[in-house]
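K.L.:
Return a 3D structure for these sequence lines:
(one chain, ligands or ions: 1)
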Amino acid sequence: MNSTLPFFNWSLRKALNTEKDNLSKARIRIIYAMLLFSILKTIIVIVIGAAYHQNEQVARAAVACLFYIALTKLVLYKPQAYKTAAHIMVIIGIMIVTTSIFLFAHSVNLQNLQFVFMILLGSFYALGGRWGVFYSILAVLPVLVSFFFYGADYNTIQTSSYQFASTGLIILAILNFISLITVHYLFYNAFSETIAEKERLNHQLENSITQANKLAATKSNFLSTMSHELRTPLNSVVGISELLLEDNPEERQKENLKILQLSARDLHALINNILDFNKLESDKLVLEDVNFRLDEFMQNICIGLAKKARDKQLDFKLEIDPALEHTTIKSDPTRLSQLIYNLVGNAIKFTERGGVTVRLSNIEKKHSQAKILFSVADTGIGISPDKHDSIFDLFTQAESHTTRKYGGTGLGLAIVKQVLGLFNSSLILESIPGEGSTFSFTITFDLVATKVNDQQDDTPKRKNLSTLKVLVAEDNDVNRLLIKKQLEKLNINATLAVNGVEAYNSHCNNDFDLILMDLHMPEMNGYETTKKIRSLKDRMKANVYIIAFTASISEQQEILDTGFDDYLYKPVNMNELYNKLEKAALEKQLITA
Ligand code: ADP
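P.N.:
The predicted structure is shown next:
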């Protein structure tokens, strides 16, 4: 309005302030401008009509003028009613056109045509498409009908029996043109403002997306760095406690060492949960395929959990379907243990009396696959039905006082749900508040055929790996010492390197069968070192067996894409270390099966 009608600026601004969206503001401006022009035109008609004693014209113009003034007031004081004003304005316009054609002019003249155009514009711009079409038809109809009655001879315009004073006609025609131009100008302004606004918003949106992505990347980097920093010393605690436990400590020390190891493993599981959620959100996780004995695996995980339960004076039972004993499956033990650890951890945490039962039931076992139902039942506080959905959300706990009373992060079940998705399974919850809860899920595993011999021998004999020439690249002093000691237990005397550059040089100057390569090292990291080794001219050296040695359980894809042969998670457990080395030695035909 500022530039178009400065005289009324003060009052319309007030009216415009009440409207928020640009389209409504533009419509108010257009109606306002049309009304002002209409008032002006009716006043001119009244003055000139009176001078020429054209009383019917004067009367009609006066009535219309009063209506227009009333409508202008309405728009100014009650801008929300602008649509009502527009309807009335358009209807008056149609009445003026109809009366002009049939009562006064008996033909279609320039003013009538201009009026029809104004009605078209006003109805479309102010009232939208449907009303626009409706009123346009109403406005055009009298013109069409007049052709039927009076023909389409425009020469009659000037010579018809009725003639409004010619000066008046010229002024009105000019005013009509000006109002047509003004309405278009206002509409065009609103249109270009809308486009500019859209571009501005798009720009803002792009900025916000970039910012959000940056924040997400920072969060993700922070979590990875923190988890790595926390895990490095923790790995040493877990590893050293395992080594100490293997050194036949006194009974009294054994108990303390076990507690130390369990606490470190708990903390380790929590850190993995945090890091995993980060990776799960970005779909970076894939399942590993490792052969392992399901019953042994379950018993191993449950040792620590059973101790936790006993400490709370709870019964702990692990019931494995006899049909599943001595069954070797091909799956991802890390992810499976994460599921069990989280569910059983919760069951113990939320149970004060009674016990926790972990059950593995064989649903269907064919020669190559087994469908197994895992269930974790407790006699704890239970979960009310209205919380059954929300507890699976990230950082959500059933009751607000849960953290205070039981601790926890609200991360566990969200992770379980996501990890089960990787297994194409889902979690089922049955619970009665005050009586307990049962969480269960079903997974179909590929079975691995094992020799009868293996099945009967629960502690298979380790092969002699002492001839393996192993290079370890690890920058952390404690971890280096730890893996060296662990390898010594397997009678392997490893060569040590403190970074990628040293490892690469050492490999070029010696003949190693296998390299255990830490990923995050100064000078040259494990990925770069491996790529450099793989591109060596000497094919023997280039194809050396390299195992990624990592604390991060979420980089499998990256590891395999880089050209590593396998990976080993820290903290390294003696059995895993042996299994991976044995697998490498068999593949390289350094030992026989
Ligand atoms: P956290 O255990 O760290 O709080 P979870 O995601 O593992 O987070 O669990 C979310 C919530 O679900 C818990 O805070 C608790 O309120 C409820 N919940 C989970 N498991 C059980 C259970 N076995 N018995 C009772 N409530 C449970």
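K.L.:
Would you mind checking which helix or strand in this structure has the lowest mean pLDDT?
P.N.:
Least confident helix or strand, the chain: helix 156-159 with a mean of 44, by mean pLDDT, DSSP states H and E.
K.L.:
mind showing which ranges of the stretch 401-550 of the chain have poor pLDDT?
P.N.:
Counting by pLDDT under 70, the stretch 401-550 of the chain has low-confidence residues at 401-409, 450-461.
K.L.:
In it, what residue spans correspond to strands?
P.N.:
428-432, 436-447, 470-473, 495-497, 514-518, 545-550 (DSSP state E, counting those that start in this stretch).
K.L.:
could I get those as a markdown table with distance to the ligand?
P.N.:
(C-beta placed from N, C-alpha, C; glycine too.) What follows is these, written out as a markdown table (distance: least, Cβ to the nearest ligand atom, whole Å):
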| stretch | distance to the ligand |
| --- | --- |
| strand 428-432 | 7 |
| strand 436-447 | 4 |
| strand 470-473 | 36 |
| strand 495-497 | 39 |
| strand 514-518 | 31 |
| strand 545-550 | 26 |
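K.L.:
among those, which is the most enclosed?
P.N.:
strand 514-518 (a mean of 27; mean count of other Cβ atoms under 10 Å).
K.L.:
who does that one pair up with?
P.N.:
strand 470-473 (parallel), strand 545-550 (parallel) (DSSP bridges).
K.L.:
looking at this, residue 377 is in a strand?
P.N.:
Yes: assessed by DSSP: H, G, I helix; E, B strand; the rest coil, residue 377 belongs to a strand.
K.L.:
For it, give the beta-bridge partners.
P.N.:
residue 357, residue 438.
K.L.:
and it, how far is that from residue 437?
P.N.:
7 Å (Cβ to Cβ, to the nearest Å).
K.L.:
Spit out the residues that contact the two alike.
P.N.:
residue 347 (Cβ atoms under 8 Å, 6 or more residues apart in numbering).
K.L.:
And the helices in the stretch 51-200 of the chain?
P.N.:
55-77, 82-99, 110-127, 129-150, 156-159, 166-246 (DSSP state H, counting those that start in this stretch).
K.L.:
which stretch in the ones you listed has the least confidence?
P.N.:
Of all the helices of the stretch 51-200 of the chain, helix 156-159 carries the lowest average pLDDT, namely a mean of 44.
K.L.:
Now do residue 276 against residue 576, distance only.
P.N.:
19 Å.
K.L.:
Pick out whichever of those two has more residues nearby.
P.N.:
Just comparing residue 276 and residue 576: by other Cβ atoms under 10 Å the higher neighbour count belongs to residue 276, 23 against 16.
K.L.:
Now name the helix or strand holding that one.
P.N.:
Secondary structure from DSSP states H and E places residue 276 in helix 251-281.
K.L.:
So that helix, near the ligand or not?
P.N.:
No: Helix 251-281 stays clear of the ligand (Cβ under 6 Å from any ligand atom), getting no nearer than 8.7 Å.
K.L.:
Check which helices and strands whichever helix or strand comes after that helix is in contact with.
P.N.:
From helix 251-281 onward toward the C-terminus, using DSSP H and E, the following helix or strand is strand 290-293. Packed against strand 290-293 by the contact rule (3 or more Cβ pairs under 8 Å, 6 or more residues apart in numbering; DSSP states H and E) you find strand 328-331.
K.L.:
Of all the residues in the strand it packs on, which ones are buried?
P.N.:
328, 329, 331 (16 or more other Cβ atoms under 10 Å).
K.L.:
Turn the residues you listed into JSON lines, including distance to the ligand and pLDDT.
P.N.:
Shown next, in JSON lines, are those (distance: Cβ to the nearest ligand atom, whole Å; pLDDT from 0 to 100):
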{"residue": "328", "distance to the ligand": "30", "pLDDT": "89"}
{"residue": "329", "distance to the ligand": "25", "pLDDT": "91"}
{"residue": "331", "distance to the ligand": "22", "pLDDT": "90"}
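K.L.:
hmm, back to that, is it possible to get the helices of the stretch 51-200 of the chain out as TSV so that each row also shows mean neighbour count?
P.N.:
TSV is the format used below for the helices of the stretch 51-200 of the chain (neighbours: other Cβ atoms under 10 Å):
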stretch	mean neighbour count
helix 55-77	17
helix 82-99	20
helix 110-127	21
helix 129-150	15
helix 156-159	13
helix 166-246	14
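K.L.:
between those helices, which one is nearest to the ligand?
P.N.:
helix 166-246 (16.9 Å; Cβ to the nearest ligand atom).
K.L.:
Now do the same contact list for the residue nearest to residue 315 when sequence neighbours are not counted.
P.N.:
Ranked by Cβ to Cβ, 6 or more residues apart in numbering and with sequence neighbours excluded, the top spatial neighbour of residue 315 is residue 355, at 3.0 Å. The neighbourhood of residue 355, defined by Cβ under 8 Å, 6+ apart, consists of 309, 314, 315, 316, 317, 378, 379.
K.L.:
any idea which of those residues is closest to residue 113?
P.N.:
residue 378 (85.3 Å; Cβ to Cβ).
K.L.:
Distance check, that closest one against the ligand.
P.N.:
5 Å (Cβ to the nearest ligand atom, to the nearest Å).
K.L.:
Excluding chain neighbours, give the residue nearest to that residue in space.
P.N.:
Going by Cβ to Cβ, 6+ apart, residue 378 has residue 347 as its nearest residue, at 3.8 Å.
K.L.:
Equivalent analysis for residue 86, please.
P.N.:
Using Cβ to Cβ, 6+ apart, the closest residue to residue 86 is residue 126 (3.9 Å).
K.L.:
and if you look at residue 328?
P.N.:
Closest to residue 328 by Cβ to Cβ, 6+ apart is residue 448, at 4.3 Å.
K.L.:
Enumerate every residue touching the one you found.
P.N.:
Residue 448 touches 291, 328, 329, 330, counting by Cβ under 8 Å, 6+ apart.
K.L.:
wait, isn't the first one in contact with residue 333?
P.N.:
Spelled out, that is residue 291. No: at 9.6 Å, residue 291 does not count as touching residue 333 under the criterion of Cβ atoms under 8 Å.
K.L.:
Alright, I will stop here.
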